[in-house]
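# this one's sequence-less:
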């Protein structure tokens, strides 16, 4: 009975639909670096430094010392640092060291206890596609 | 991993990198920044440490050590202590030690204290020698070796400098549109 249930293809089931593989050659904004401007990537971006601008990527990781002042749009976002701005992603994970000031539009969201969050966290079936519409 | 790769890539110009005041490995504060091939940056980059560019940057770069990889495109000025170029730079390069690998394509002026150009590198622009500051010590003997190719290339027309600046101006215009 249970196996039957799980075998049904389920478009919005998180476990079934989200497969975002790790990227081997990711971009890194090191802790000594600062970017004033926008970052666009098809791969992975790791931010340990400061970004003042928008980030669009497949995967985004904000390290503990990382600071982003701008919008983050990605398939998957891991936040351990500071984000001031909206986050739009299919999968968002917020660590306890994180500080997020802005709305998090997500399909799957995990928040560790201790995280500082300010803003709404609306759920969307397809967060990224909703974004493209006017 | 990128550090390792760049060391072997530039083995031909080791004499120059050995003379640089700030070798890339000396950075203590942490990880180098990497702009990988699929990343495009529209805006300026400032870094107190090392930065490796394999992707596209439309804007200025200021860092201690800048490495522009083979597939990389930079439109804008590059400032640093040590700048190594294997890719495409459209704009001014200003650094104490500049190394152009054989795959480099540079359109713009190069302001340097120590310059090395591998055979095959394309340079359109002027080469100006930075008036030696306090840091020219160990590099002096190497600098004289490096001057030979530099003087050759300085005969190249400098007309590109204007177009490089025009390119940099475009970035500024693009910036607000991206938001």
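Perfect, I can see it now. The structure displayed is predicted, hence computed values, not measured ones.
# got a pLDDT number for residue 24?
All of this is about chain A. For residue A:24, the model assigns a pLDDT of 59.
# look at chain B instead
37.
# just residue B:36 next, same as before
Here, the pLDDT recorded for residue B:36 equals 93.
# Report the beta-bridge partner residues of the nearest residue to it once chain neighbours are set aside.
Excluding the flanking residues, the one nearest residue B:36 by Cβ to Cβ, 6 or more residues apart in numbering or on different chains is residue A:27, at 4.2 Å. Placement of C-beta: from N, CA and C, glycine included. Here residue A:27 sits in beta bridges with residue A:45, going by DSSP bridges.
# To what extent is residue A:54 buried, counted in neighbours?
When neighbours are defined as other Cβ atoms under 10 Å in any protein chain shown, residue A:54 has 21 of them.
# repeat for residue B:89
Residues near residue B:89, counting by other Cβ under 10 Å, number 31.
# what helix or strand is it on?
Counting by DSSP states H and E, the element that carries residue B:89 is strand B:88-90.
# list the helices and strands that strand packs on?
Judged by 3 or more Cβ pairs under 8 Å, 6 or more residues apart in numbering or on different chains; DSSP states H and E, strand B:88-90 is in contact with strand B:73-75, strand B:105-107, helix B:160-178.
# Any idea what the residue in chain A that chain B sits nearest to is bridged to?
The nearest approach of chain A to chain B comes at residue A:37, 0.9 Å away (Cβ to the nearest Cβ). Judged by DSSP bridges, the bridge partners of residue A:37 are residue B:43.
# how close does it get to residue B:51?
Between residue A:37 and residue B:51 the distance, using Cβ to Cβ, to the nearest Å, works out to 14 Å.
# who has more neighbours, those two?
residue B:51 (29 against 23).
# Which residues are in contact with that one?
Taking Cβ atoms under 8 Å, 6 or more residues apart in numbering or on different chains, we find residue B:51 in contact with A:30, A:33, B:32, B:33, B:34, B:35, B:45, B:61, B:63, B:65, B:66, B:67.
# Give me the neighbour count for the fourth one.
By that I understand residue B:33. So residue B:33, with other Cβ under 10 Å, has 28 neighbours.
# pLDDT score assigned to it?
At residue B:33, the pLDDT value in this model is 93.
# So, low pLDDT: which residues of chain B?
Chain B contains residues with pLDDT under 70 at B:1-30, B:132-179.
# on that earlier part again, which ones are touching the residue of chain A closest to chain B?
For residue A:37, the contacting residues are A:52, A:53, B:41, B:42, B:43, B:44, B:45, B:59, B:175, B:178, by Cβ under 8 Å, 6+ apart.
# What distance do you get for the third one to residue A:45?
Computed with Cβ to Cβ, the distance linking residue B:41 and residue A:45 is 10 Å.
# what residues do those two have in common as contacts?
Residues touching both residue B:41 and residue A:45 (Cβ under 8 Å, 6+ apart) are residue A:39.
# isn't residue B:58 right next to residue B:72, touching?
No. Contact between residue B:58 and residue B:72 fails when scored by Cβ atoms under 8 Å: they sit 11.9 Å apart.
# picking up where we left off before, how many other residues sit next to the residue nearest to residue B:36?
Neighbourhood size, residue A:27 [other Cβ under 10 Å]: 27.
# residue contacts, it?
Counted by Cβ under 8 Å, 6+ apart, residue A:27 has contacts A:39, A:41, A:43, A:44, A:45, A:46, B:34, B:35, B:36, B:38, B:39, B:55.
# In terms of pLDDT, where does it sit?
Value listed for residue A:27 in the pLDDT field: 93.
# do stretch A:50-69 and chain B meet?
Yes. Looking at stretch A:50-69 against chain B by Cβ under 8 Å from any Cβ of the partner chain, the contacts come from A:53, A:54, A:57.
# tell me the contacts of the first one?
Each residue near residue A:53 by Cβ under 8 Å, 6+ apart is listed here: A:35, A:36, A:37, A:38, A:39, A:69, A:70, B:42, B:43, B:178, B:179.
# where's the fifth one, which helix or strand?
Assigned by DSSP H and E, residue A:39 belongs to strand A:33-41.
# Is whichever strand or helix holds residue A:92 positioned near chain B?
Using DSSP H and E, residue A:92 sits within strand A:87-94. No. Using Cβ under 8 Å from any Cβ, we find that strand A:87-94 stays clear of chain B, coming within 14.3 Å at best.
# Show me what that strand is packed against.
By 3+ Cβ pairs under 8 Å, 6+ apart, strand A:87-94 packs against strand A:72-79, strand A:104-111, helix A:127-132.
# Among those, which comes closest to residue A:97?
Between residue A:97 and the helices and strands packed on strand A:87-94, the tightest spacing by Cβ to Cβ is seen for strand A:72-79, at 8.9 Å.
# Centre of the chain to that closest one, how far?
Offset of strand A:72-79 from its chain centre (Cα atoms, centre = their mean, to the nearest Å): 2 Å.
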